[in-house]
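> Turn this into a structure:
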Amino acid sequence: MASTRKPTYKAGTDARPVDAGRAGGTKATPGLSKGGDADAVINAQRSVEPEVKGASASKASPASKSRKAAPSDNIIVFPEPKRRRQRRLVAWTLSIVAVVVAVLIGGAVFSPVLAVRTVTVDGTTLLTPEAVQKALSGLEGKPLPQVSEQEINELLKPLVQVRSATMEARPPSELLVHVNERVPVALLKQGETYVMVDVDGVQLGATKDQSAVALPLIDAGAGATNTELFKSIAAVLDTLPADVRARMSTASAASPDAVELKLVDGKTVVWGNAEDRELKAKALEALLKMPADPKVPVSVYDVSVPRHPFTK
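You can find the predicted model right below:
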């Protein structure tokens, strides 16, 4: 005979029976009493989570947070313009190249791999290359990029024969120095010695044999290098080509406007003042190249008026 007992509900649940067909999310779990009692106990419990309020909101599940944080499907994202992307790429590339170049330059400036080990010298006539190398010995071991022409000229100052010098770095370890020497233009007699001087009166060397040096001797009257007469004569001699200057025996001047030269063959050159020196030098060179005429011997070359030179 079927039981007519009404179903009972588990304590703590809604006292009203729940229609499983109407309650969404409701789970019905039939159960049997211990001992195989035929009376059925119906257990109905809602599985819907309660709404989280206040401080409990922080305990919300990650899934719910992700759902809330998800962007709306209605947002349209435009791609980055190609030109802007290219500009950014170029900027990054230039930055990387600049860093690499800076590192390479820094390494070259301070690297011992580029240290000076060999000093080569050219352009010397009055000096020997060994004398210049000795004066520059302090540069050995110094990186080539750190060597400057100013430093080289400072080291060569004690060598009065050097007017200036330039340098050429030849990696990894060679330094080539081009020496620009002063040019001797005349001899000055000092006792038994003949001193070579340049246009500035700097003494470049000495000899006891005048014939060993193809330079004119400046008369004792203008022997002091700080006089106006010496400066006028030296300026004239400095203008002459080297081969013409080598043919001169003496140079003198009664005044700065009356410079006179003597050739080794005894002929005289009337120069005049120091004006138009280049033009006078060309005129004298042309006169000296004229073939000699035995019928008209020449003893004087006058270039004091360079546009109208003459001989007599």
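> The stretch 201-312 of the chain: helices as residue ranges?
Shown for the stretch 201-312 of the chain, the helices assigned by DSSP state H, counting those that start in this stretch span residues 228-239, 242-245, 277-288.
> To Tyr301, which of the ones you listed lies closest?
Of all these, helix 277-288 sits nearest to Tyr301, with 4.9 Å by C-beta to C-beta. Every residue, glycine included, has its C-beta placed from N, CA and C.
> what comes into contact with that closest one?
Applying C-beta atoms under 8 Å, 6 or more residues apart in numbering, the contact partners of helix 277-288 are 235-236, 239-241, 244, 247, 269, 271-272, 301, 303-304, 306-307, 309, 311.
> now do stretch 193-208
Surrounding stretch 193-208, the residues in contact under the criterion C-beta under 8 Å, 6+ apart are 126, 160-161, 182-190, 192, 209-210, 213, 215, 217, 225-226, 230-231, 234-235, 237-238.
> Phi and psi next, for Leu89.
Note on Leu89: its backbone torsions stand at phi -60, psi -40 [degrees, to the nearest 10].
> before we move on, back to that, which of the contacts of stretch 193-208 count as buried?
For the contacts of stretch 193-208, a neighbour count by 16 or more other C-beta atoms under 10 Å gives the buried set as 126, 160-161, 182-188, 213, 215, 217, 225, 230-231, 234, 237-238.
> picking that back up, could you identify which of the helices of the stretch 201-312 of the chain is most buried?
helix 228-239 (a mean of 21; mean count of other C-beta atoms under 10 Å).
> Return the distance of it from the chain's centre.
Averaging C-alpha positions (C-alpha atoms, centre = their mean, to the nearest Å) puts helix 228-239 41 Å from its chain's average.
> Packing partners of it?
Using 3 or more C-beta pairs under 8 Å, 6 or more residues apart in numbering; DSSP states H and E, the elements in contact with helix 228-239 are strand 186-190, strand 217-218, strand 248-253, strand 259-263, helix 277-288.
> Buried residues, stretch 189-202. List them.
For stretch 189-202, by 16+ other C-beta under 10 Å, it's 194-199, 201.
> repeat for stretch 125-135
For stretch 125-135, by 16+ other C-beta under 10 Å, it's 126-127, 131-133, 135.
> Of all pairs in those residues, which one is the farthest apart?
Farthest pair in the buried residues of stretch 125-135, by C-beta to C-beta: Leu126 and Gln133, 15.4 Å.
> Bridge partners for Val259, pull those for me.
Counting by DSSP bridges, Val259 is bridged to Ala253, Gly272.
> Which parts of the stretch 101-250 of the chain are strands?
Here the stretch 101-250 of the chain has its strands, by DSSP state E, counting those that start in this stretch, at 118-122, 162-170, 174-181, 186-190, 193-197, 203-207, 217-218, 248-253.
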